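# From the sequence below, what's the structure:
(one chain, ligands or ions: 1)
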Amino acid sequence: MSNQDAIWSLVEAKRQAFFALSDRVWETPELNYAEYESSHAHAAMLEQQGFRVARGIAGMPTALMGEAGENGPVIAILGEFDALPGLSQEAGIAAMRPLVEGGNGHGCGHNLLGTGSMMAATAVKDFLALHGLPGRVRYYGCPAEEGGSSKGFMVRSGVFDDVDIAISWHPAAFAGVNNPISLACNEMDFYFIGRSAHAAAAPHLGRSALDAVELMNVGVNYMREHMPSTARVHYAVTDTGGSAPNVVQAKAAVRYLVRARDLPQLQALVRRVEKIAEGAALMTETSVRHQIVSGDANLVGNTPLESLMHRHLQRLGPPVFDAQDRAFADQIQSTLSQEDIATSFARFGLKPRKGLSLCDDIFPPESGDGTLVGSTDVGTVSWVVPTVQMRGATYAIGTPGHSWQLVAQGKAPAAHKGMEHAAKIMAATALDLIRNPDLIAAAKADHRDRLADTPFVNPIPDDVDPPLPEKAHV
Ligand SMILES: [Zn+2]
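Alright, predicted model coming up:
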């Protein structure tokens, strides 16, 4: 195979339509579970391309799936299309200028993420049809990646049960196989109930729920010294019980986000946080109940799949950027600190290179030490289906995640090129898997070995529903 691979030509053939779809999603930035326009645009494109489309899957109105092909293995390519609040920004300029004051923006590049994945699935579909090959390729449009954990709900509903392999990607500054390290997490609410009283005239009758929240936070902060160094705990007081200091607060609530290296560590840490809440309630003679809101499992790697994807990356090389792409990336870099830029290189285990504003190489597998990572709901999928992801180079080196600079680059030619590059790699990887049952068998054996001693427990309990917005219930 060469750079002129038939599968890569099929990706190129439809580039204008997919660049336009990505731009359209960028122009309608929508938040968690309210991605109505974006989901509709994705479904329309899937239908136009000849996929069999299922909308509103797993009980979520904006989740969708398109399938093409017959028989053979099932390869899933996962996409996203949600935006972030407060990041509205004009495209193509290197200055902060919101389009809508306080509006949403695609600060994580999910306009590219969903479209690039569908672009890959479409090329695979076209190849199978052209050559009359058995095999099914699916595009999963997954809502609410930004804190919504939709893929965990999708796993729970069984939409991945007959999938053999899952493939995905994420926009980044560099291109390469994603080092599969992320933190398992649970978001949970603690509600304390006390007893109201006049804070001066009858303080002995009051039992403060706000005191309980404060004591819980103190307790958790003491726990930090005695938890694994890779774990993370964050909290936000969501209900202080009122604004009057002369009323003993009868209710108060705090939201916790607990993260750990893997699911078993997470379960142990969550239990400790629950005990601290119970202790705070005991000390204050209040009562407490808690509720898990969402959760993600950690990513499970897969050596055969990562090797396969890396081979395709080496064959294709990095995306080809031109002088204009680099000039705009230079301008973006001029708005960043040296620390931003150094951090970007360090994340991938690379030495900083002065004057380099766009990726010009493929980063090696297992790049970076994985100490500065967050969580992703792809993690939950990776526990039930062998999964591989890549990073696609779509923006200037140093661009912080969730920043106006990232939004400003979302429609740039470099973003389109990086997306097309990722689509080519994912399509070639998917096609190899469909044509070589041995590769799928090897990936499944690796998956089995890694999880042999660890039963999967979905971090989203059965009684938790996705937090759909009001409109979604109509
Ligand atoms: Zn993202």
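# where does the residue lying farthest from the centre of the chain land on pLDDT?
Ranked by distance from the centre of the chain (CA atoms, centre = their mean), the top residue is Ala201, with 52.1 Å. At Ala201, the model reports a pLDDT of 94.
# in this protein, which spans are strands?
Per DSSP state E, the chain carries strands over the ranges 52-55, 64-70, 74-80, 135-142, 165-172, 176-177, 184-193, 232-239, 251-260, 287-296, 387-393.
# What's the mean pLDDT across the last one?
For strand 387-393, the per-residue pLDDT values average out at 98.
# circling back: quick one: the residue farthest from the centre of the chain from Asp330, how far?
From Ala201 across to Asp330, the span is 67 Å (CB to CB, to the nearest Å). Every C-beta, even on glycine, is put in place using the N, C-alpha and C of the backbone.
# cool, Ser357 as well?
According to CB to CB, Ser357 and Asp330 sit 5 Å apart.
# of those two, who's got more company?
The residue with more neighbours, out of Ser357 and Asp330, is Ser357; 26 against 15, by other CB atoms under 10 Å.
# you'd agree that one is up against Thr335?
No: using CB atoms under 8 Å, Ser357 is not in contact with Thr335; the gap is 11.7 Å.
# Mind pulling the model confidence for Glu37?
For Glu37, the predicted pLDDT is 97.
# Next up, the contacts around the nearest residue to it once chain neighbours are set aside.
Among residues not flanking Glu37 along the chain, Thr28 sits closest, at 4.2 Å (CB to CB, 6 or more residues apart in numbering). Contacts for Thr28 (CB atoms under 8 Å, 6 or more residues apart in numbering) come out as Glu37, Ser38, Ala41.
# And for Ala144?
Asn32, Tyr33, Glu35, Met60, Thr62, Asp82, Ser150, Pro466.
# now it, nearest residue through space, not along the chain?
Closest to Ala144 by CB to CB, 6+ apart is Asn32, at 4.0 Å.
# okay, now the one you found: neighbour count?
23.
# Leu205: what's it in contact with?
Residues counted as contacts of Leu205 (CB under 8 Å, 6+ apart) are Arg195, Ala197.
# Just the pLDDT at it, thanks.
97.
# where's it relative to Phe127, distance?
In terms of CB to CB, Leu205 sits 75 Å off from Phe127.
# Point out where this protein drops to low pLDDT.
By pLDDT under 70, the weakly predicted segments of the chain are 1-4, 471-474.
# what number of residues lie near the closest residue to Thr335 other than its chain neighbours?
Sequence neighbours aside, Ala94 is the residue nearest to Thr335 in space, at 5.7 Å (criterion: CB to CB, 6+ apart). Counted with other CB under 10 Å, the neighbours of Ala94 add up to 19.
# Number of residues surrounding the closest residue to Asp239 other than its chain neighbours?
Leaving aside its sequence neighbours, Asp239 sits nearest to Ala253 (CB to CB, 6+ apart; 3.9 Å). Using other CB under 10 Å, Ala253 has 20 neighbouring residues.
# need the contact list for Ala253.
Counted by CB under 8 Å, 6+ apart, Ala253 has contacts Asp189, Phe190, Tyr191, Phe192, Val213, Val237, Thr238, Asp239.
# Let's see that with 10 Å instead.
Neighbouring residues of Ala253 by CB atoms under 10 Å, 6 or more residues apart in numbering: 189-193, 209-210, 213, 236-241, 288, 290.
# for it, which residues make a bridge with it?
Under DSSP bridges, the beta-bridge partners of Ala253 are Tyr191, Asp239.
# neighbour-wise, which of the contacts of Thr28 leads?
Ser38 (29 neighbours).
# burial count for the nearest residue to Val155 once chain neighbours are set aside?
Nearest residue to Val155, sequence neighbours excluded (CB to CB, 6+ apart): Thr380, at 5.1 Å. Neighbour count of Thr380, defined by other CB under 10 Å: 31.
# swap in Gly79?
Residues near Gly79, counting by other CB under 10 Å: 24.
# Would you mind listing the residues in contact with it?
Gly79 sits in contact with 42, 64, 110, 112-121, 139-142, 145, 168-169, where contact means CB under 10 Å, 6+ apart.
# Tell me the bridge partners for it.
With DSSP bridges as the rule, Gly79 is bridged to Gly141.
# what sits against Gln338?
Counting by CB under 10 Å, 6+ apart, Gln338 has contacts Pro352, Lys354, Gly398.
# Tell me how far Leu130 lies from Ala58.
Distance of Leu130 to Ala58, given as CB to CB: 32 Å.
# who's more crowded, those two?
Neighbour totals were compared for Leu130 and Ala58, and Ala58 leads with 23 against 10 (other CB under 10 Å).
# Verify the stated contact: that one with Ser149.
No: contact between Ala58 and Ser149 fails when scored by CB atoms under 10 Å: they sit 11.7 Å apart.
# what's the closest of the contacts of Gln338 to Arg272?
Taking CB to CB as the measure, Arg272 lies nearest Gly398 of these, at 37.4 Å.
# Run a quick neighbour tally on the closest residue to that closest one other than its chain neighbours.
The spatially closest residue to Gly398, leaving aside those adjacent along the chain, is Ile341, at 3.5 Å (CB to CB, 6+ apart). Residues near Ile341, counting by other CB under 10 Å, number 21.
# Touching, Ile341 and Gln333? I think so.
Yes: when contacts are counted by CB under 10 Å, Ile341 is listed as touching Gln333 (6.5 Å).
# Now do the shared contacts for the two.
With CB under 10 Å, 6+ apart as the test, Ile341 and Gln333 both reach Leu356, Ser357, Ala396, Ile397, Gly398, Thr399.
# Of those, which is the most crowded?
That'd be Ala396 among these, by other CB under 10 Å, with 32 neighbours.
# separation between that residue and Gly410?
In terms of CB to CB, Ala396 sits 12 Å off from Gly410.
# show me where the stretch 251-400 of the chain has helices.
Listed in chain order, the helices of the stretch 251-400 of the chain (DSSP state H, counting those that start in this stretch) span 263-284, 303-316, 323-333, 338-347, 378-384.
# what angle do the second one and strand 165-172 make?
Same thing as helix 303-316. Angle of helix 303-316 versus strand 165-172, following axes from the mean of the first three to the mean of the last three CA atoms, to 10 degrees, is 50 degrees.
# And for the fourth one?
With the same axes, to 10 degrees as the criterion, the two stretches helix 338-347 and strand 165-172 enclose an angle of 160 degrees.
# ok, the residue nearest to Ala144 - contacts?
If you count contacts by CB under 10 Å, 6+ apart, Asn32 has them with 62, 82-85, 143-150, 294, 466-469.
# Buried members of these into ChimeraX, please.
Here is the ChimeraX command that selects the buried residues among the contacts of Asn32 (16 or more other CB atoms under 10 Å):
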select :62,82,83,84,143,144,145,146,147,148,149,150,294,466,468
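# residue contacts, the nearest residue to Pro461 once chain neighbours are set aside?
Nearest-residue entry for Pro461: Ile292, 5.6 Å, with adjacent residues in sequence omitted and distances by CB to CB, 6+ apart. Residues counted as contacts of Ile292 (CB under 10 Å, 6+ apart) are Asn186, Glu187, Met188, Asp189, Tyr256, Val258, Val270, Pro459, Ile460, Pro461, Asp463, Val464.
# Among these, the buried ones, what's the PyMOL command?
PyMOL command restricting the contacts of Ile292 to the buried ones, with burial defined by 16+ other CB under 10 Å:
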select buried, resi 186+187+188+256+258+270+459+460+464
